[in-house]
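Chemist: Build the 3D model from these lines:
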Amino acid sequence: MEDEPDDGPLWVLAQRNDGAAFAALFDRHRPRVYRRATSLLQTPHDAEDVTAAAFYELWRKRRTVVLVAGSVVPWLLVTTVNLARNHRRATARYRRLLDELPRDDDTTPAVDAEDLEVRDRLRASVRALSPVDAALLVLTSLEGMPVWEAAQAVGLNPPAARVRLHRMRRRLRDDLHDLDPSIRTAPEGTNP
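Modeler: Below is the predicted model:
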């Protein structure tokens, strides 16, 4: 990092909301951050998204980011690695979800009417939730986001989010209790 110019003067201006100074830092370090993102991700598009997110986080946290050896590059690279890891996990969850979706081809087994009922009733129960509760449930249950992070995303404090999640889960259990496979009756002629 000895060959790199000192970011100190531009950083001081950027911390004071100087957009031109921040743009100069972006122009200076974007290629390096993009190269790191490209090495960690599968597509250039994903690398662009992570690069943009890293600089967004730098701007958002500009008041607390500390330069290392006069440079913002270490902070940017650590952030890029973390964002890339999160992106890969999200992509894997999305792919798993897509793999589980029913296909419209001949190789897909017929969908059981009981399964359709379960899905329809679950969708109806989730739609009945408030937008904040539905978002909280999706973020924690489907996206695997920690409660504190999901709470922040929907504008709640973590204890309030935990209480809401507890109530939602209890409500969903009550709404869907009769769909529990352990309490369904066995088909005629079979032992439960």
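Chemist: Counting neighbours, what do you get for residue 55?
Modeler: 21 (other Cβ atoms under 10 Å). For every residue, glycine as well, the C-beta is placed using N, CA and C.
Chemist: please renumber so the chain begins at 57
Modeler: Sounds good: first residue 57 from here, last item residue 111.
Chemist: if I pick it, what's in contact with it?
Modeler: 82, 86, 89, 132 (Cβ atoms under 8 Å, 6 or more residues apart in numbering).
Chemist: What strand or helix carries the closest residue to the second one other than its chain neighbours?
Modeler: The spatially closest residue to residue 86, leaving aside those adjacent along the chain, is residue 107, at 6.5 Å (Cβ to Cβ, 6 or more residues apart in numbering). Under DSSP states H and E, the secondary-structure element containing residue 107 is helix 100-116.
Chemist: Mind listing what's buried along that helix?
Modeler: Neighbour-count burial for helix 100-116 flags 102, 103, 105, 106, 107, 108, 109, 110, 111, 113, 114 (criterion: 16 or more other Cβ atoms under 10 Å).
Chemist: Let's have the residues you listed in TSV, adding pLDDT.
Modeler: Formatted as TSV, those follow (pLDDT from 0 to 100):
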residue	pLDDT
102	94
103	94
105	95
106	95
107	96
108	96
109	96
110	96
111	97
113	96
114	96
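Chemist: quick one: residue 146 and residue 199 touch, right?
Modeler: Yes. With contact defined as Cβ atoms under 8 Å, residue 146 counts as touching residue 199 (7.3 Å).
Chemist: Could you find the closest non-adjacent residue to residue 80?
Modeler: residue 66 is the one closest to residue 80 (Cβ to Cβ, 6+ apart), at 5.4 Å.
Chemist: how about that neighbour, what does it touch?
Modeler: Contacts for residue 66 (Cβ under 8 Å, 6+ apart) come out as 77, 78, 80, 81, 84.
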